[in-house]
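S.K.: got a predicted model here, sequence first, then my questions.
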Amino acid sequence: MKHIIHRASDRGFADHSWLKAFHSFSFASYYDPQKVNFGALRVLNDDTVAPAMGFGRHPHQNMEIITIPTSGALRHRDSLGNEEVIKTGAVQVMSAGSGVEHSEMNANADRHVSLFQIWILTEEQNVAPRYAQKTYDVAERENKWQLVVSPKDGGSEVWIHQQAWLHLGNFSEGKEFSYTMKNPKHGLYIMTVEGSVVVENQLLEKLDAIGIWETEKVNFKTETGCELLLIEVPMEF
């Protein structure tokens, strides 16, 4: 088993007044040659957007883009004709494929919106762009893993063009549990959204992360109640 730890305090940070963004991997003006990607996981941004502000219309191509709001609501518009509001509990997927333009704006004029935006490298180039989102029952992730994104026919109706699986879980203090890899050649990137947890004898506090590979199973023990985000991805692509 191999691992790499990314502490919350070591993430890149950009303050654009209307946007405060923490970058787990090199992004925009933040560059760290040791943090370009974790396998097919290219971007994990932890963003907070001011009321009525957001990302104006811009293009993407050949990237699987996943958005998970953690508080507030985000308004999505794209060149495919989709216009949706994504609230806490929902997960949005946009397969940019051969090319798509979109905007993501804070849907509220009186409160911030916080979100994770995740980019995963696609295994298929220039596919037809597509959009999907689903609101999940948060109660269904109490002390267990809730699958929220998978490959097509991989178990989730919210799917991407890559052999990648995303799970969310909310676990009580003192729980011991594990995650079994879908493919032992994959890697698992784990972020502690809230709380603290020991992952394979490594203590992770709030917004710390660990990448693990060359194993078939990963073991966890919670120190406090915690929320976890898991991203399983191919390490070679």
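M.R.: Arrived safely, thanks for sending. Residues are numbered from 1 along each chain as shown.
S.K.: for V149, identify the helix or strand it belongs to.
M.R.: strand 146-151 (DSSP states H and E).
S.K.: partners of the following helix or strand past that strand, with directions?
M.R.: Once the chain leaves strand 146-151, the next helix or strand it forms, by DSSP H and E, is strand 159-160. Strand 159-160 has the following sheet partners, assigned by DSSP bridges: strand 146-151 (parallel).
S.K.: the partner strand: how far from the chain's middle?
M.R.: 11 Å (CA atoms, centre = their mean, to the nearest Å).
S.K.: what's the nearest residue to the residue most central in space within the chain if we skip its chain neighbours?
M.R.: For the chain, the residue nearest the mean C-alpha position is I118 (4.2 Å; CA atoms, centre = their mean). In space, and not counting its chain neighbours, I118 is closest to I66: 4.2 Å by CB to CB, 6 or more residues apart in numbering. The C-beta positions use only the backbone N, C-alpha and C, and glycine is treated the same way.
S.K.: again, but for T180
M.R.: Leaving aside its sequence neighbours, T180 sits nearest to K217 (CB to CB, 6+ apart; 5.0 Å).
S.K.: mind checking pLDDT for the one you found?
M.R.: Looking at K217, its pLDDT reads 98.
S.K.: quick check, it in contact with Y179.
M.R.: Yes: using CB atoms under 8 Å, K217 is in contact with Y179, at 6.9 Å.
S.K.: looking at the two, which is more packed in?
M.R.: More neighbours surround Y179 than the other of K217 and Y179, with 20 against 13 (other CB atoms under 10 Å).
S.K.: next, the contact list for that one, please.
M.R.: Residues near Y179 by CB atoms under 8 Å, 6 or more residues apart in numbering: 145, 167, 188, 217-218, 220, 230.
S.K.: try N108
M.R.: Contacts of N108 by CB under 8 Å, 6+ apart are 51-52, 72-73.
S.K.: switch the cut-off to 7 Å
M.R.: Applying CB atoms under 7 Å, 6 or more residues apart in numbering to N108 gives the contacts 51, 72-73.
S.K.: domain-wise, how is the chain divided?
M.R.: By the record's domain assignment, the chain is partitioned as 10-135, 138-234 (automatic domain parsing).
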